[in-house]
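> Next input, structure requested:
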Amino acid sequence: MVELDPLIRAFYAERYVEDSRLVRSGHGRLEFLRTQELVRRYLPLPGASVLDVGGATGVHARWLADDGYRVTLVDPVEEHVAKAAEVGTFAAVVGDARELAQEDDSFDVTLLLGPLYHLVEAADRAQALSEARRVTRPGGLVVAAGISRYAALLEYGTKGMLIEKLQLFADALATGRNHDDPNGFTNAYFHHADELRAEFENAGLGGVEVLGVEGPAAATLEHAPADDVPRLLPSAIALARLVEDDPRVMSASFHFLAFGRA
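Residues are numbered from 1 along each chain as shown. Next up is the predicted model:
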């Protein structure tokens, strides 16, 4: 069994349905569509090999395989891997982002669309990025997601619940560390955009770009009634595209994506 923070393991086993995360809310749909859009922008042609580290039940591995990529999913949660393996269009194995079993220079693309925000120690994040660089061929693509330092403030502040969580989120804003909340998210690390860029550069990755994923409408979509999401979604996507690299507003996204070359 891969060593994983027990609170994070319990979060996914008991409190969180990972398989539906990106389809059950307006914000989830916005995040999913924008993540697809941004990743596809940088991907090499179909047929390339992709390592999806922290790929959970395969929400991204599915569409990557459907697009024609040769995908291997790695996740530390055995239940996630078993469910992913049932899909049948990509390989799925248990593994740890900090100590990948894959060989040097063995993939054209390595994705870390979850590990960095569950690795609260800087040394662990650095090790995960070092491993991603190691298994990616020279010139290949490394992509990682980070949660914005302001995401929790924006979410709770726009749904009238910030006062009761004020100290928790004030601490997270100051330190980047979010502590397990039985009624919310689990242990995590929240990034500033320039901090995520620096972590990529310190790992020896080149040509680094960091983009906002959901844009300023993330909170609106998070709280929108389900029947209003189809009306709101096109405008939210257009807004996210317009400001994705604007340093003055990109932190209003709940997530960042960082892109670099091995």
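> Tell me the buried residues in stretch 69-87?
69-77, 80-81, 83-84 (16 or more other CB atoms under 10 Å). The way it works is simple: take the backbone N, C-alpha and C, and place the C-beta from them, glycine included.
> next one: stretch 221-235
Leu221, Glu222, Ala224, Val229, Leu232, Leu233.
> can you check stretch 152-172 too?
Ala152, Leu153, Leu154, Glu155, Tyr156, Gly157, Leu162, Lys165, Leu168, Phe169, Ala172.
> Let me see the ranges of the helices in the stretch 1-150 of the chain.
Along the stretch 1-150 of the chain, counting by DSSP state H, counting those that start in this stretch, helices occupy 6-10, 26-42, 59-66, 78-85, 115-118, 122-135.
> Which of the buried residues of stretch 152-172 sits closest to Pro216?
Proximity of the buried residues of stretch 152-172 to Pro216 was ranked by CB to CB; the top entry is Leu154 with 8.8 Å.
> Find out how far the host helix or strand of the closest one is from the centre of the chain, if you would.
For Leu154, the host element (DSSP states H and E) is helix 151-157. Its chain's C-alpha centre lies 17 Å from the corresponding centre of helix 151-157 when counted by CA atoms, centre = their mean, to the nearest Å.
> and after it, which helix or strand comes next?
Note on helix 151-157: by DSSP H and E, the next helix or strand toward the C-terminus is helix 166-175.
> Could you tell me the average pLDDT over that following helix, please?
Mean per-residue pLDDT for helix 166-175: 80.
> Give the other helices and strands that it contacts.
Judged by 3 or more CB pairs under 8 Å, 6 or more residues apart in numbering; DSSP states H and E, helix 166-175 is in contact with helix 151-157, strand 177-178.
> can you tell me which strand in the chain is longest?
Counting by DSSP state E, the longest strand found in the chain is strand 136-148.
> Quickly run through the sheet partners of it, with directions.
strand 107-112 (parallel), strand 188-191 (parallel), strand 255-261 (antiparallel) (DSSP bridges).
> pLDDT-wise, which helix or strand of the protein ranks last?
Lowest on mean pLDDT, DSSP states H and E among the helices and strands of the chain sits helix 6-10, with a mean of 56.
> still on that earlier bit, which of the strands paired with strand 136-148 sits closest to Asp124?
That would be strand 188-191 among the strands paired with strand 136-148, by CB to CB, at 9.2 Å.
> Can you name the element that comes right after that closest one?
Downstream of strand 188-191, the next assigned helix or strand under DSSP H and E is helix 193-202.
> related to what we said a few turns ago, helices - which of the buried residues of stretch 221-235 land there?
Leu221, Glu222, Val229, Leu232, Leu233 (DSSP state H).
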